[in-house]
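Enquirer: I'll drop the sequence and a predicted model, then ask my questions.
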Amino acid sequence: MSRESAYAKMLDASAKVQLNVAMILEAKALEAEKVRSWMINHVTPDAFGDQQEHLKAALQIHEQLVEVIDGLTKLNMGMTNVLKAALRHEVDAEGGFEGMLGGGSFDMGDKE
């Protein structure tokens with residue numbers, strides 16, 4: 001298998017991962033809407049004995065949301081690294097983007 005075909009497979013796999021992530025996020029959005037509706041009706045000051053319990057419940061929910069956002073950020077960074085590796089390969093192998101764009105040069109603007 002040539003390097004080019006390996007990079008093409010890597011990009012294809014990355015695209016499939018992104019599609020799956022999009023489907024997961026869509027399901028998470030539906031779930032979040034259900035949770036929001038439940039919280040509006042059930043997580044009220046009247047449902048707790050004191051303010052401290054109410055604060056603990058709210059902090060637990062926010063902590064879970066931060067964990068989800070952190071996981072999505074790490075996943076996005078991984079997919080970005082795959083794309084960067086493929087683009088660097090094209091730049092390094094061809095001396096520019098000639099191989100990727102069919103012969104014309106393409107300036108990305110930032111040099112490393």
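Expert: Looks like it came in fine. Note that the coordinates shown come from a computational prediction; the quantities given were computed from them, not determined experimentally.
Enquirer: In this protein, mark out all the helices, start to finish.
Expert: For the chain, the helices defined by DSSP state H occupy 3-42, 51-94, 98-101.
Enquirer: what about E4, distance to K28?
Expert: Note on E4: its distance to K28, by CB to CB, to the nearest Å, is 36 Å. Where C-beta positions appear, they are placed from N, C-alpha and C, glycine not excepted.
Enquirer: so who does the closest residue to S14 other than its chain neighbours touch?
Expert: Spatial nearest neighbour of S14, chain neighbours left out: V82 (4.6 Å); criterion: CB to CB, 6 or more residues apart in numbering. Contact analysis of V82 by CB atoms under 8 Å, 6 or more residues apart in numbering lists M10, L11, S14.
Enquirer: so the last one sits right up against T80, yeah?
Expert: No: counting by CB atoms under 8 Å, S14 does not reach T80; the two are 9.5 Å apart.
Enquirer: which one of the two has more residues nearby?
Expert: Using other CB atoms under 10 Å as the criterion, S14 and T80 rank with S14 on top: 18 against 11.
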